[in-house]
Structure formats: C-alpha cells, structure tokens
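Asker: Just a sequence and a predicted model for now, questions to come.
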Amino acid sequence: MLRYIGKRLLMMVITLWVIVTLTFILMVTIPGSPFNSERGTNEAVQANLEAHYNLDKPYIVQYVLYLKSIVTFDFGPSIKQPSQTVNEMLGRGFPISFELGIITIIVAVLSGVTLGVFAALKHNQIIDYVAMGFAVLGISIPNFVLATLLIQQLAVNIEWFPVARWLSPAHMILPVTALATGPMAIIARLTRSTMLEVLTQDYIKMARAKGLAPWKIICKHALRNALMPVVTIMGTLLAGILTGTFVIEKIFAVPGMGKYFVESINQRDYPVIMGTTVFYSAFLIVMLFLVDIAYGILDPRIKLHKKGGRE
C-alpha cells in the first residue's frame, strides 16, 4: 500500500506539472498583452508595466519564475488589482467555493442515493418511473440553463429566494440546486441499476430467508455493495462540480474563486489565472487520490499487485 501511495503521489506531481506547463503555454501563445486594453497607456508605460511583471523576459525565464512562484506558493499581485495579491484572493474565495462544493456533493449523494434506492425497491412502479424521469431531466438540462430558470421563476417572479449574495442558508439554496441536480441524477440512475443487481444476489436471498428486517437487509447488506460504483465515479463528479462552480458562481454572483477565475480570463490577469488554475488542479488531484484510496478501503476485495496495479 505504501509503495502504491508513493507511486500515486509521484504521478500527482507529474500531472500537476503537465497542467502547469500547458497553462503557461496557452497564456504566452495568446496574442497581445494584458495592458493592451488600458486606455491612455503609451508604449513606454506599457513597457514598464511588462517589465514590472516580468512579461518582457524570454519565455524560458518566465516559465522558471512561474515554477518558482508555484513551489513557494507566492503568485504575487494581481495585474488588474495591484492592491491585492493572488494569495489573498485565494484565501478569500476558496472557503466560499469549498462550502458551495461540499454542500453540493452532500446534497447530490444523499438525494441521488435515496432516489435510486426507492426506484429500485419500487421497480416498474410509479415511483420508479417518476424518479427516473426526474433523473433524465436532471442529466439533460445544463446547470447554467437550470440556474437561469431558477432565478427567473423562484427569485424574480415568485421572490421566494434571494440571489446575488452569500450571507445565509437561503442564499445557498438556488446555487446548490443548480449545481447538484446533474450529479444527483447520475447517482440516482447508477444506484438504481446496481441496487437492482445486488437485490438478486444469493446473500440477499439468504438474509431474507433468515427473517432479517427489510431495512436491515437494505442498509447493512445491499446498500454497501450498491454504492461501490458510486464511489468509483465520485472523482469524475467532483471534477464536474468544481468546474461547474465557475459558471454558477458567476451567474449567482457568489464571491468565490470562480468569480476571480472568470474575470481573470476576460482581463488576461496572468497571475490570477496561474494561481487559480494551479490551486484548483492541485485540489482536484488530491481529491481524486483520496477517492481512489477510499475505494480500496470500502471494498476489501480490492488488493494491490506488487507492481502498483489493482485486482
């Protein structure tokens, strides 16, 4: 296990380096300068600004400085907001984005599993059809479209929920709903299909023959095995939720990291782009690593080969 974890940590570092390098290449290959949009800026002032942010140096020097800033976790000041450092923006925005993401994951998993279990227990009945119909809608509607509909209907027309701030649980309902609906639908469909398969296994029939209570059969015996595929796709769902927060935070004006990321791309604020990309990438890689380790812990049947593989 320790050897496997060590190899995975090495792969995490290599993956992060690839992401960092691709991000740098994309930034330097885009024509123009972050200061081209500044009105009234002559060539001398623009040259001084580029020198101040090391944008006048050769690409290899910029790349080395870029890697140094990542290793020291000091991305310097923002180009468009010089009074703020990128680290300050990350420290201010990440807790809000993390809160939004965690609440979304909890809501998606709990509601998706519950919906899938009920659909499996009521197979080919009205509850099954309604649950799966709702799941299909959840998968089909993009979260930004759903967010717009929620704002229009529930915040503007009916005025049930507030938007554009992050001050109370009421402000969280619409963003979390828009972000959690898609993952919830995927989890519900997957839980239903695996639950139907598990309920036909011999050990479930044996548990029923022993006279165990239905709730004990479902919760103690069937649900654990039915959740293994859900754990498997949690890495992909985490990636979708984290990237989805960019758009959702912008739509609902949530002051998280997504706001800074979108604005930095529009304004070509290189330090902020680098800081948010590296931070999000590192966070996502770590979460995928933890999901993979959790999968092996939850299913004792999974063993590691000597070469680091799984069986």
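Answerer: Done, it's in.

Asker: The closest residue in space to I105 that isn't next to it in sequence: neighbour count?
Answerer: Using C-beta to C-beta, 6 or more residues apart in numbering and skipping the chain neighbours, the partner closest in space to I105 is I241 (6.3 Å). Using the backbone N, CA and C atoms, a C-beta is placed for each residue, glycine as well. Residues lying near I241 (other C-beta atoms under 10 Å) number 22.

Asker: if I've got this straight, I241 is in a helix?
Answerer: Yes: under DSSP: H, G, I helix; E, B strand; the rest coil, I241 falls within a helix.

Asker: Quick check, pLDDT for it.
Answerer: Listed pLDDT for I241 reads 76.

Asker: which ones are touching it?
Answerer: Contact analysis of I241 by C-beta atoms under 8 Å, 6 or more residues apart in numbering lists 101, 104-105, 108, 179-180, 183.

Asker: Can you check these and name whichever has the most neighbours?
Answerer: Using other C-beta under 10 Å as the neighbour test, those are led by L179, with 29 neighbours.

Asker: For I285, see how far away that residue is.
Answerer: 21 Å (C-beta to C-beta, to the nearest Å).

Asker: Which of the contacts of I241 scores worst on pLDDT?
Answerer: Lowest-confidence member of the contacts of I241: G101, scoring 85 (pLDDT).

Asker: could you say which helix or strand contains that one?
Answerer: Element membership for G101 (DSSP states H and E) is helix 86-121.

Asker: ok now that helix, how far from the chain's centre?
Answerer: Here helix 86-121 is found 9 Å from its chain centre; the criterion is C-alpha atoms, centre = their mean, to the nearest Å.

Asker: What of stretch 245-252?
Answerer: 12 Å.

Asker: In PDB, list the C-alpha atoms belonging to that stretch.
Answerer: Output of stretch 245-252 as PDB, limited to C-alpha atoms (Å, rounded to 0.1, in the frame of the first residue of the first chain):
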ATOM      1  CA  THR A 245     -18.900  26.300  -9.800                       C
ATOM      2  CA  PHE A 246     -17.100  28.700 -12.100                       C
ATOM      3  CA  VAL A 247     -20.200  29.400 -14.100                       C
ATOM      4  CA  ILE A 248     -22.700  29.000 -11.200                       C
ATOM      5  CA  GLU A 249     -20.700  31.400  -9.000                       C
ATOM      6  CA  LYS A 250     -20.700  33.900 -11.900                       C
ATOM      7  CA  ILE A 251     -24.400  33.600 -12.500                       C
ATOM      8  CA  PHE A 252     -25.400  33.900  -8.800                       C
END
